[in-house]
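Novice: here's a sequence, model it:
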Amino acid sequence: MKNAKQTIRRWCPRWLLLPLLAFLLLAPTQGDAFVDPVTLAILTPIAIKAAETAAPYVARGLASGAKGLVLMGKDTLEILYLPLGVLQSTLLLPFGGFSSGMGNIGKGVIAPFKLMLDALLLPVRFCGIATS
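Specialist: Below you'll find the model as predicted:
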C-alpha cells in the first residue's frame with residue numbers, strides 16, 4: 001500500500017491536481033450546437049403533432065408510475081412490521097400476542113422482497129405497461 005501511495009505522489013503532484021480538476025470541470029463542451037432557424041421552422045409542426053399523439057400514452061405511463069411509487073412506499077412502511085412483530089411476540093406473549101406477532105414478523109420479512117420487485121418493475125410501469 002505504501003508503494004502505491006508513493007507512485008501516485010510521484011506521477012500526480014498536488015500542485016497539478018487543482019488546475020487539472022478546474023480544466024475538467026470548466027472546459028467547454030460540444031453539446032452547445034446551434035440549430036438552424038429554417039430547420040426549426042420546418043420541424044415545429046411535426047413535433048407538435050407528435051406531442052399531441054403521444055400525450056395520452058405519456059399520461060398513462062405517468063399514472064401507472066405513480067401507482068408504482070405508492071406501492072413502493074407501502075412496501076417500505078411494511079418493513080416496520082418486523083420490529084413490531086418482535087415486540088408483540090416477546091413483550092405481549094403473556095397477553096396472547098404471540099400469533100399476531102408472528103404474523104407481523106412474516107409480513108416484515110417479506111416486505112423488502114416486495115419492495116425489490118416493485119423497484120424492478122417501476123421502469124416498466126413508467127412505460128405504461130400494466131403490471132398489476
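Novice: could you pull out the helices for this protein?
Specialist: In the chain, the helices defined using DSSP state H lie at 2-11, 14-26, 37-78, 81-91, 98-126.
Novice: can I get those helices in CSV with mean pLDDT?
Specialist: Formatted as CSV, the helices of the chain follow (pLDDT from 0 to 100):
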stretch, mean pLDDT
helix 2-11, 62
helix 14-26, 75
helix 37-78, 88
helix 81-91, 88
helix 98-126, 90
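Novice: make a markdown table from these and add mean neighbour count to it.
Specialist: C-beta here means a position set from N, CA and C on the backbone, and glycine is covered the same way. Formatted as a markdown table, the helices of the chain follow (neighbours: other C-beta atoms under 10 Å):
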| stretch | mean neighbour count |
| --- | --- |
| helix 2-11 | 9 |
| helix 14-26 | 9 |
| helix 37-78 | 12 |
| helix 81-91 | 16 |
| helix 98-126 | 15 |
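Novice: distance check, the residue of the chain most remote from its centre against Gln88.
Specialist: Ranking residues of the chain by C-alpha distance from their mean position (C-alpha atoms, centre = their mean) puts Pro94 at the top, at 43.4 Å. The gap separating Pro94 from Gln88 is 12 Å, by C-beta to C-beta, to the nearest Å.
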